[in-house]
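A.B. asks: The sequence and its predicted three-dimensional model are supplied below.
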Amino acid sequence: MKPLTIYMPIKYLNVGDFVLLKPHDLNLVPFLMGRVEGDVIKNEENKYFKMVRIQWWVLVKKGSNLDEQHLYEDCWRGKWKCNLVDSQQCLDISTIF
């Protein structure tokens, strides 16, 4: 039996879409959020084939004493802003959910 492979089809990613990614270290943050900033590279000869440019977004909460455990509580009602410090990054579409 083959393992189940889940991937993001190219046709479902559009410029301006928000995407979630699971970080390598879940103790750092439970997920990462980014915004698609360009079309998926569809040219098989390009080294970025099936990759897309992502601009990272960060959660903003008041209070300097917030630890990571409490930072993401009720995060969907919180404020998010574009992380202008980190540049855009190209990611393989298979890492996006």
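C.D. replies: Cool, the structure landed. Numbering: from 1, shown residues only.
A.B. asks: Span of stretch 14-22 from start to end?
C.D. replies: Terminal residues of stretch 14-22 are spaced 20 Å apart (Cα to Cα, to the nearest Å).
A.B. asks: And for Lys79, the neighbour number?
C.D. replies: For Lys79, the number of neighbouring residues by other Cβ atoms under 10 Å comes to 10. Every C-beta, even on glycine, is put in place using the N, C-alpha and C of the backbone.
A.B. asks: who's it bridged to?
C.D. replies: Bridge pairing for Lys79 (DSSP bridges) gives the partners Val60.
A.B. asks: Please tell me I have it right and it contacts Val60.
C.D. replies: Yes. Applying Cβ atoms under 8 Å, one finds Lys79 in contact with Val60, separated by 4.7 Å.
A.B. asks: got any ranges where this protein has weak pLDDT?
C.D. replies: For the chain, applying pLDDT under 70 flags the ranges 1-11, 63-71, 97.
A.B. asks: repeat that with 80
C.D. replies: When residues are selected by pLDDT under 80, those of the chain lie in 1-12, 22-30, 61-78, 86-88, 95-97.
A.B. asks: which stretches of it form helices?
C.D. replies: 68-71 (DSSP state H).
A.B. asks: And Val52, how close does it get to Val58?
C.D. replies: In this view, Val52 and Val58 are 19 Å apart by Cβ to Cβ, to the nearest Å.
A.B. asks: With neighbour numbers in mind, choose between the two.
C.D. replies: Val52 (26 against 15).
A.B. asks: how many neighbours does Gly34 have?
C.D. replies: Gly34 has 23 neighbours, counted by other Cβ under 10 Å.
A.B. asks: what does Asp25 give?
C.D. replies: A count of nearby residues for Asp25, using other Cβ under 10 Å, gives 6.
A.B. asks: any idea how far it lies from Leu59?
C.D. replies: Taking Cβ to Cβ as the measure, Asp25 falls 17 Å from Leu59.
A.B. asks: Now that Ile96 has come up, it's in contact with Asp17, right?
C.D. replies: No. At 9.4 Å, Ile96 does not count as touching Asp17 under the criterion of Cβ under 8 Å.
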